[in-house]
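**Q** pasting a predicted model and its sequence here:
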Amino acid sequence: GTGSVALEARNDLLNQGQIQGRDVALVAGNNLVSEASKAINGVGILSGISASNTLQLMAGNDMTLTGTRVQAGGSAALIAGNNLSLTPSALRDDNGLLRGGDVVSVTTGKDLFVSAGNDLQLHGVTIAAGGSAALQAGNDLSLTPTTGLDGKVATRTSINTGDSLQLTAGNDLTIRQAEVKAGGDLIAAAGNNLNVESVVNDSQSNSDNSRNGKTRVTTTTTTQTIDQQALTAGGNLILSAGNDVNLVAAKLDAGKGLGISAGNDINASTLTTVDTSDTLETRKRFKQTTATRDETVHGTEFSAGGNLAMQAGNDITLTAASAASKEGGITLAAGNDVNLLAASEQHDAVQDMTKKKKGTFSSKTTTTHDEWHDNVAVTTTLSGDTVQIAAGNDLLSQGAQVASTGDVVLAAGNNLTLDTVQNTHSEEHEKTVKKSGLYGGGGFSVALGVTKKTDGLDVTEVTNTGSLVGSTDGAVTMTAGNKV
């Protein structure tokens, strides 16, 4: 429509169709609900609310948009006094599993404002704002996908803004398996905990059978990947929490500065994926099995075009993390401890072979068993024009690599410890040859017997990765109130 549309209800307002106008305002004294009709029965009729100019949706209590497309050529505001929930409709496939259903989307040509007095839940939502977007919750704000009954992701949440994006929660802010990109600044703030979480995907298996002449080879592999949670800002990227900032194998990318602050702890932890391979090779009188298992550690990645700063009232703990500033410095400041920790990857291979040789009156069986094991340290790396690390109590580096073109300053109120971490390599090799049958004993004597010979070799090597603190053009300064 080309005219204005204004609908107001003292109690609830329900939409299961299409509402269109130049300027649209829907106001409910209690609940505002927009949903795709008959969606549960699998015959969803998409609902929509569209304004060529401005759009306002207001609910005194809850607002629920399910399988609804919301569009505004100009700016839009969605405001709920209590909870606000945006989810796709729930459709079931032929197997009874929930699938994505009708998508819920919010698209604006200019700015978008979404506010909930209590919880704001964005599950499988697509949000695109040509200008800026501000999403705020009085309590919890969650950006998560929808999942089917099989536990797999059905629909992801996606937020893209042409300009700045602000995510604010009075309590917890959780971002998991969502696409979050801002053309300008991206600010995420939580009164309690801010959680940015990657997850490990289910293992994918593959089997392959092949033949090369008389040799048959069967290989079964499993691979794992992570669904890495990324936050991307064309401008500055700012994360803050009244309590903890928890980053699980996340990727933070800022075109300009990157800042993280926590009233308590900043934790950057890891996820580990595992790939395996099992191969069986057989032919006449020959059998060989080979099994491999390889771990990959995924740490949190920090990337900034300008300065990169972290400040915590208590501890900063970075495990197998990488932090790099292209044209700026790196600053870490903790009221208590700064821990630059390493994680470990395990790589294993085991091979067993049996080969038989038969003669007229004798036979020989050769068996081998070989193992290779590697445990590799994955350390934390910091790289910037300058690097400054300050801990009110202890500063610990486990093989961390700290590199700068300018000055490097490490300061601890108590102990400053630069540790090494171990990498281990071990091998076990065993060969057994067993002979049986008739053997000549000299002259005309013949003996029936069995002989067995076993050879073995074990190897163990240990190497250390030391903490590296260096500068190409500046000075390196390390101070501690107690021990260095």
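**A** Received it, and whenever you're ready, just let me know what you need. Residues are numbered from 1 along each chain as shown.

**Q** rest of the way, CA atoms for contacts and neighbours
**A** OK.

**Q** which residues of the stretch 51-200 of the chain score low on pLDDT?
**A** Applying pLDDT under 70 to the stretch 51-200 of the chain flags the ranges 90-102.

**Q** try 90 this time
**A** Counting by pLDDT under 90, the ranges of the stretch 51-200 of the chain that qualify are 67, 87-104, 146-155.

**Q** tell me where it has helices.
**A** For the stretch 51-200 of the chain, helices defined by DSSP state H, counting those that start in this stretch do not occur.

**Q** which ones are touching Thr381?
**A** Taking C-alpha atoms under 8 Å, 6 or more residues apart in numbering as the contact definition, Thr381 lies against Ala320, Ala321, Ser322, Ala323, Ala400, Gln401, Val402, Ala403.

**Q** redo the residues you listed as JSON lines? Include secondary structure, distance to Ser426 and neighbour count.
**A** JSON lines is the format used below for the contacts of Thr381 (DSSP: H, G, I helix; E, B strand; the rest coil; distance: C-alpha to C-alpha, whole Å; neighbours: other C-alpha atoms under 10 Å):
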{"residue": "Ala320", "secondary structure": "coil", "distance to Ser426": "23", "neighbour count": "28"}
{"residue": "Ala321", "secondary structure": "coil", "distance to Ser426": "27", "neighbour count": "27"}
{"residue": "Ser322", "secondary structure": "strand", "distance to Ser426": "28", "neighbour count": "19"}
{"residue": "Ala323", "secondary structure": "strand", "distance to Ser426": "32", "neighbour count": "19"}
{"residue": "Ala400", "secondary structure": "coil", "distance to Ser426": "24", "neighbour count": "30"}
{"residue": "Gln401", "secondary structure": "strand", "distance to Ser426": "26", "neighbour count": "19"}
{"residue": "Val402", "secondary structure": "strand", "distance to Ser426": "29", "neighbour count": "21"}
{"residue": "Ala403", "secondary structure": "strand", "distance to Ser426": "31", "neighbour count": "21"}
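
**Q** now these in CSV, with pLDDT and distance to Asp253?
**A** Below are these laid out as CSV (pLDDT from 0 to 100; distance: C-alpha to C-alpha, whole Å):
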residue, pLDDT, distance to Asp253
Ala320, 99, 17
Ala321, 99, 14
Ser322, 98, 12
Ala323, 98, 10
Ala400, 98, 21
Gln401, 98, 20
Val402, 97, 20
Ala403, 96, 20
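
**Q** just those now: which is nearest Ala134?
**A** Ala134 lies nearest to Ala323 out of the contacts of Thr381, by C-alpha to C-alpha, at 27.7 Å.

**Q** so what's Gln228 up against?
**A** Neighbours of Gln228 in contact, by C-alpha under 8 Å, 6+ apart: Gln177, Glu197, Ser198, Val199, Ala249, Ala250, Lys251.

**Q** related to what we said a few turns ago, now, among the contacts of Thr381, which is nearest to Asn171?
**A** Set against Asn171, the nearest of the contacts of Thr381 by C-alpha to C-alpha is Ala321 (26.7 Å).

**Q** please verify my assumption that the closest one contacts Thr300.
**A** Yes - using C-alpha atoms under 8 Å, Ala321 makes contact with Thr300 at a distance of 4.9 Å.

**Q** okay, and the common contacts of these two?
**A** By the contact definition C-alpha under 8 Å, 6+ apart, Ala321 and Thr300 are jointly contacted by Ala268, Ser269.

**Q** and the residue nearest the centre of this protein?
**A** Ser198 (2.3 Å; C-alpha atoms, centre = their mean).
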